[in-house]
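Structure of the sequence below:
(4 chains)
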There are 2 protein chains.
Amino acid sequence: METITENQKVRAAKKLKKMFGHVDLRDTSLICPIRDVMAVASDKWSILIVLYLGYFPVLRFNELKKKVYGISNKVLSERLKHLEGDGYLKRTMYPEVPVRVEYKLTDFGHSYLQKLIELTEWAETHKNCVISNRTSYHGS
Amino acid sequence: METITENQKVRAAKKLKKMFGHVDLRDTSLICPIRDVMAVASDKWSILIVLYLGYFPVLRFNELKKKVYGISNKVLSERLKHLEGDGYLKRTMYPEVPVRVEYKLTDFGHSYLQKLIELTEWAETHKNCVISNRTSYHGS
DNA sequence: CCGGATCCGTCTTGATACTG
DNA sequence: CAGTATCAAGACGGATCCGG
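Got it, this is the predicted structure:
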């Protein structure tokens, strides 16, 4: 029976006011933190990549591809480049034969991982709720 | 100088083990909480919709469209349906002339909002970090 | 008018083959 | 092995249309 108290709603409103209150909604660059930062790191594939790199400290390209089941080569390499570009992970290439490339989270990536874990735990504890909502919605 | 301590990493690893440890990676339904639940609610538009509905307790379709700047009719109505279907928000139609339709978060949506706010605060405090990472990456 | 469904051109994704 | 190239399929943005 997880209910949101009025107090929590009020506190949320204050935080949101702090974030949104001074923002000109037309200026996309000002609303940056959510739109811009999150856009790179919050899509479903990036979330999974970061979580798996949190669980397995070091992964190679094809290992990652197996873990993040269903992702295609193209999208994986693209996401990895973006995540590397924004500083979430580090790519290390060992010029052996055959080539070996390793990906691991940076400290910054670990910082983000903490938040993702919280979000995922929320999803874990609420999945049944979502599922029952979903079926009753489609059922009606 | 926000650094992630080794302790935090260890604690993260334990939580991840709990989440991932028993999961057969091939079985998409088991990995549900992240893939399935989050897929609906974690794309950039849904995040913005939930945040704005947290900030403005009640919004009509076109108000929402103005706030969530750049979203198209089609995608907005689609996301709203999904979010409603999973129980994050409630749609109320008043059969006046012209029609009035209001959207507001459910308690479940508010519960999710709490998490999103935390994530957004993280993004807010780390945006400069991302931006500097990004420019140095593209600059090199 | 408002909420949204539809249509269409464009951009993004996905699947698979292929290369250094 | 790590990743591009290629092409098909789907998502998206914008404009328009329509019922209430």
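
residues contacting the residue nearest to the spatial centre of chain A?
Centroid-nearest residue in chain A, with CA atoms, centre = their mean: A:Ile47, separated by 3.2 Å. A:Ile47 makes contact with A:41, A:116, A:120, B:34, B:38, B:42, according to CB atoms under 8 Å, 6 or more residues apart in numbering or on different chains. All C-beta atoms are positioned from the backbone trio N, CA, C, and that covers glycine.

give me that answer again for 10 Å
Residues in contact with A:Ile47, defined by CB atoms under 10 Å, 6 or more residues apart in numbering or on different chains, are A:41, A:68, A:112-113, A:116, A:119-120, B:34-35, B:38-39, B:42.

From the residues you listed, pick the one nearest DNA strand D.
Distance ranking of the contacts of A:Ile47 against DNA strand D, using CB to the nearest atom of the strand, places B:Ala39 first at 11.0 Å.

Pretty sure the closest one sits against A:Lys44.
Yes: counting by CB atoms under 10 Å, B:Ala39 does reach A:Lys44; the two are 5.0 Å apart.

so where do the helices sit in chain A?
Assigned by DSSP state H, the helices in chain A fall at A:6-20, A:32, A:38-41, A:44-55, A:61-67, A:73-85, A:107-139.

weakest of those in terms of mean pLDDT?
The minimum mean pLDDT among the helices of chain A belongs to helix A:32 (a mean of 63).

So stretch A:65-72, near chain B or not?
Yes: using CB under 10 Å from any CB of the partner chain, stretch A:65-72 comes into contact with chain B via A:66-70.

and those, which are buried?
A:67-68 (16 or more other CB atoms under 10 Å in any protein chain shown).

can I get the residues of stretch A:65-72 next to chain B in TSV with distance to DNA strand D?
What follows is these, written out as TSV (distance: CB to the nearest atom of the strand, whole Å):
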residue	distance to DNA strand D
A:Lys66	10
A:Lys67	12
A:Val68	13
A:Tyr69	16
A:Gly70	14
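
out of the residues of stretch A:65-72 next to chain B, who's nearest B:Met93?
Distance to B:Met93, by CB to CB, is smallest for A:Gly70 among the residues of stretch A:65-72 next to chain B, at 37.3 Å.

Model confidence for that closest one, exactly?
The model's pLDDT for A:Gly70 equals 90.

Then A:Val37?
On the pLDDT scale, A:Val37 gets 88.

Let me know the outermost residue of chain A.
The C-alpha centroid of chain A is most remote from A:Val97, which lies 33.3 Å away (CA atoms, centre = their mean).

Roughly how far does it sit from DNA strand C?
Distance, A:Val97 to DNA strand C, by CB to the nearest atom of the strand, to the nearest Å: 9 Å.

Return the backbone torsion pair for that residue.
Backbone torsions of A:Val97, given as degrees, to the nearest 10, read phi -130, psi 110.

coming back round to it: for B:Leu59, find the nearest of the helices of chain A.
Nearest of the helices of chain A to B:Leu59, taken as CB to CB: helix A:6-20 at 12.9 Å.

contacting residues around that closest one?
Residues from elsewhere that reach helix A:6-20, judged by CB under 10 Å, 6+ apart: A:4-5, A:21, A:31, A:33-34, B:51-57, B:67, B:105, B:107, B:110-111, B:113-114, B:116-118, B:120-121, B:123-124.

Of these, grab the buried ones for PyMOL.
Selection of the buried residues among the contacts of helix A:6-20 in PyMOL, burial being defined by 16+ other CB under 10 Å:
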select buried, (chain A and resi 4+31+33+34) or (chain B and resi 51+52+53+54+55+56+67+105+110+111+113+114+116+117+120+123+124)
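
Can you pull the residues of chain A lying near DNA strand C?
A:43, A:45, A:70-75, A:78, A:98-99 (CB under 7 Å from any atom of the strand).

Show the buried residues in those.
By neighbour count, with 16+ other CB under 10 Å, the residues of chain A next to DNA strand C hold A:43, A:45, A:71 as buried.

and A:Ser132, how many residues sit next to it?
11 (other CB atoms under 10 Å in any protein chain shown).

Pull the contacting residues for A:Glu124.
B:15, B:18-19, B:32-34, B:37.

what about it, distance to A:Phe61?
Distance of A:Glu124 to A:Phe61, given as CB to CB, to the nearest Å: 28 Å.

A:Asp129 touches A:Thr135, doesn't it?
No, residue A:129 isn't Asp; it's Cys. No: between A:Cys129 and A:Thr135 there is no contact under CB under 10 Å: 11.3 Å.
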